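Participant: Compute the structure for the input listed below.
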Amino acid sequence: MSPSVAGALLGLLAAVGALLAIGASPPMRPVRLVDRVAPYLGDARPRSRLLNPSHATDVPFAVVHGLFGPALRDLVRVIDRVVGGSSSVRRRLAGLGCGVDVDAFRIEQAVWGSIGMGVGACLLCVAGLARSGIDPVLVGGAAIAGAVAGVLSRDYWLTRQLAARERAMVAELPVVADLIALSVVAGEGPADALARVSVLTSGELCRDLDSILRRARSGVALTRALGDLAEVTTSEPFARFLSGISIAIERGTPLADVLRSQAMDARDVAKRALLDAGGKKEISMMLPVVFMILPVTVLFALYPGLLTLTAIAR
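Facilitator: Residues are numbered from 1 along each chain as shown. Sure thing, here's the model as predicted:
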């Protein structure tokens with residue numbers, strides 16, 4: 001690396017550090033509305049711990065959020081303005097049930113973008129050193145491309161996580177519905193049946209049932225807790241299941257019959273999903289047959305004739 005490039009990089013780092021220090025200083029940092037209102041709400045009652053999910057402390061990048069949250073807030077606003085789709089991100093995060101809000105997710109995107117920027121710049125620097133020359137323009141372009149790829153990769157990974165959770169919920173729903181129906185037939189109430197099933201089972205639905213029970217134990221009506229979760233979840237079979245239970249409790253419909261019907265509907269949905277997956281896999285299995293096996297077969301069939309024609313021509 002030439003001295004001019006090294007000096008330029010050091011100057012850029014010094015300038016960025018100075019701008020971050022000045023922007024985060026108390027005279028330049030704007031006072032948030034929360035900080036203005038907080039002194040007047042000191043006697044407010046604390047939030048019940050029953051409403052807090054048990055996995056809220058496992059939020060990714062919690063250390064980064066605590067240390068660099070004020071410095072990354074402006075970068076988060078830029079990402080939110082450029083990428084957009086806050087409502088979609090909020091819906092997917094609520095459906096995932098991970099306890100992460102949109103601001104924390106944007107900070108994760110900023111961290112992924114920073115990692116992608118560093119990886120892209122390092123790869124171009126290594127390639128430039130191998131060619132005995134580093135082009136700053138190419139390095140900057142690779143850094144920008146890596147940052148964009150990192151931000152979009154975090155969004156794509158969130159979509160993959162949500163899809164995997166929905167598949168697991170569809171697979172678990174018939175069993176959970178049957179267990180709740182058996183508990184209700186045995187004489188237990190809806191809340192007791194949900195509590196028993198949440199203790200005996202594990203998985204994605206167990207987490208949602210635990211959240212319903214926590215809200216019910218904190219004073220929220222069971223039907224309201226079921227309806228709120230049905231509005232938040234992104235799985236349509238599970239939303240119909242929760243709505244069916246809520247309506248059955250409100251109207252006094254036999255709950256066991258409703259749960260059996262919901263279990264049958266969930267099994268039908270799982271069968272349709274399996275058929276759809278089989279159709280997609282069938283198409284993907286045709287690709288190696290068409291592009292690999294078939295050309296080799298044609299080559300083996302035509303090669304002896306091609307040799308014979310070549311010999312005759314000579």
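Participant: If you average pLDDT per helix and strand, which one of this protein comes out bottom?
Facilitator: One helix or strand of the chain scores below all others by mean pLDDT, DSSP states H and E: helix 62-83, with a mean of 62.
Participant: Name the next helix or strand downstream of that one, please.
Facilitator: Once helix 62-83 ends, the next helix or strand along the chain (criterion: DSSP states H and E) is helix 86-96.
Participant: Just the mean pLDDT for that following helix, thanks.
Facilitator: For helix 86-96, mean pLDDT rounds to 82.
Participant: What of stretch 237-253?
Facilitator: 85.
Participant: which residues sit against it?
Facilitator: 169-170, 173, 177, 190, 205, 208, 222-223, 226-227, 229-231, 233, 254-255, 258-259, 261-262, 265-266, 269 (C-beta atoms under 8 Å, 6 or more residues apart in numbering). C-beta coordinates here come from the backbone N, C-alpha and C atoms, glycine included.
Participant: go with 6 Å
Facilitator: 169-170, 173, 190, 223, 226-227, 229-230, 233, 255, 258, 262, 266, 269 (C-beta atoms under 6 Å, 6 or more residues apart in numbering).
Participant: among those residues, which are in strands?
Facilitator: Judged by DSSP state E, the subset of the contacts of stretch 237-253 located in strands is empty.
Participant: Let me see the ranges of the helices in the stretch 201-314 of the chain.
Facilitator: 204-217, 222-232, 236-251, 255-288, 294-313 (DSSP state H, counting those that start in this stretch).
Participant: Which strands or helices does the longest one pack on?
Facilitator: In terms of contact count using 3 or more C-beta pairs under 6 Å, 6 or more residues apart in numbering; DSSP states H and E, helix 255-288 is assigned the packing partners helix 136-185, helix 236-251.
Participant: Can you say which of these is nearest to Leu275?
Facilitator: Leu275 lies closest to helix 136-185 among the helices and strands packed on helix 255-288, at 13.3 Å (C-beta to C-beta).
Participant: Check which helices and strands that closest one sits against.
Facilitator: Counting by 3+ C-beta pairs under 6 Å, 6+ apart, helix 136-185 packs on helix 86-96, helix 102-130, helix 190-200, helix 204-217, helix 236-251, helix 255-288.
Participant: now do 8 Å
Facilitator: Packing contacts for helix 136-185, counted by 3 or more C-beta pairs under 8 Å, 6 or more residues apart in numbering; DSSP states H and E, involve helix 62-83, helix 86-96, helix 102-130, helix 190-200, helix 204-217, helix 236-251, helix 255-288.
Participant: Go through the contacts of stretch 237-253 and say which is closest to Ile22.
Facilitator: Nearest to Ile22, judged by C-beta to C-beta, of these is Thr233 at 44.9 Å.
Participant: and the closest one, how many neighbours?
Facilitator: Counted with other C-beta atoms under 10 Å, residues neighbouring Thr233 total 22.
Participant: State whether it and Leu96 are indeed in contact, as I suppose.
Facilitator: No: checked against C-beta atoms under 8 Å, the pair Thr233 and Leu96 is beyond contact range at 9.9 Å.
Participant: just to confirm, which helix or strand has Gly133 in it?
Facilitator: Using DSSP H and E, no helix or strand contains Gly133.
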